[in-house]
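Trainee: from the sequence below, what's the structure:
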Amino acid sequence: MTFLLPVALTQTKYYWKVQAHDKTAPDLITGWSVDSDVWEFTVDLSKTPANGAVITVAGATRPTFTWTGASLAGATYVVQIDDAPD
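Mentor: Next up is the predicted model:
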């Protein structure tokens, strides 16, 4: 699965996680997966990314996030991005 951030980010450290929702669930309260692990990245426009960087944000403020999809037919996803890890 891939998500391109629709807005530019400012230069700082960010954390992100993903949660899947089964669109066949009867409502938006049920059918949610547990949160993924929390990953981090830093928007730093002054440096070149290190070799092996998973998310490249140097020179860009709209990173693309990639993860393995859930094994639910028709799952939808919520990507949460914040400057705090919790």
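Trainee: pull out the buried residues from the lengthiest strand in the chain.
Mentor: Looking across the chain with DSSP state E, the single longest strand is strand 13-22. By 16 or more other Cβ atoms under 10 Å, the buried positions in strand 13-22 come out as 14, 16-18, 20-22. In short, each C-beta sits where N, CA and C put it, glycine included.
Trainee: name the helices or strands packed onto it?
Mentor: Under the contact definition 3 or more Cβ pairs under 8 Å, 6 or more residues apart in numbering; DSSP states H and E, strand 13-22 sits against strand 39-42, strand 75-82.
Trainee: of those strands, which is nearest Asp27?
Mentor: Each of these was scored for nearness to Asp27 using Cβ to Cβ, and the closest is strand 75-82 (13.5 Å).
Trainee: show me where pLDDT drops low in this structure?
Mentor: Counting by pLDDT under 70, the chain contains low-confidence ranges at 44-61, 72.
Trainee: secondary structure class of the residue of it most remote from its centre, three-state.
Mentor: In the chain, the residue that sits farthest from the middle, by Cα atoms, centre = their mean, is Pro26; the gap is 25.5 Å. At Pro26 the chain is in coil, as set by DSSP: H, G, I helix; E, B strand; the rest coil.
Trainee: the one 3 residues further on now?
Mentor: Recorded secondary structure, Ile29: coil (three-state DSSP).
Trainee: give me the phi and psi for it.
Mentor: The phi/psi pair for Ile29 (degrees, to the nearest 10) reads phi -90, psi -40.
Trainee: ok, Asp27 to His21 distance?
Mentor: Using Cβ to Cβ, to the nearest Å, Asp27 is found at 10 Å from His21.
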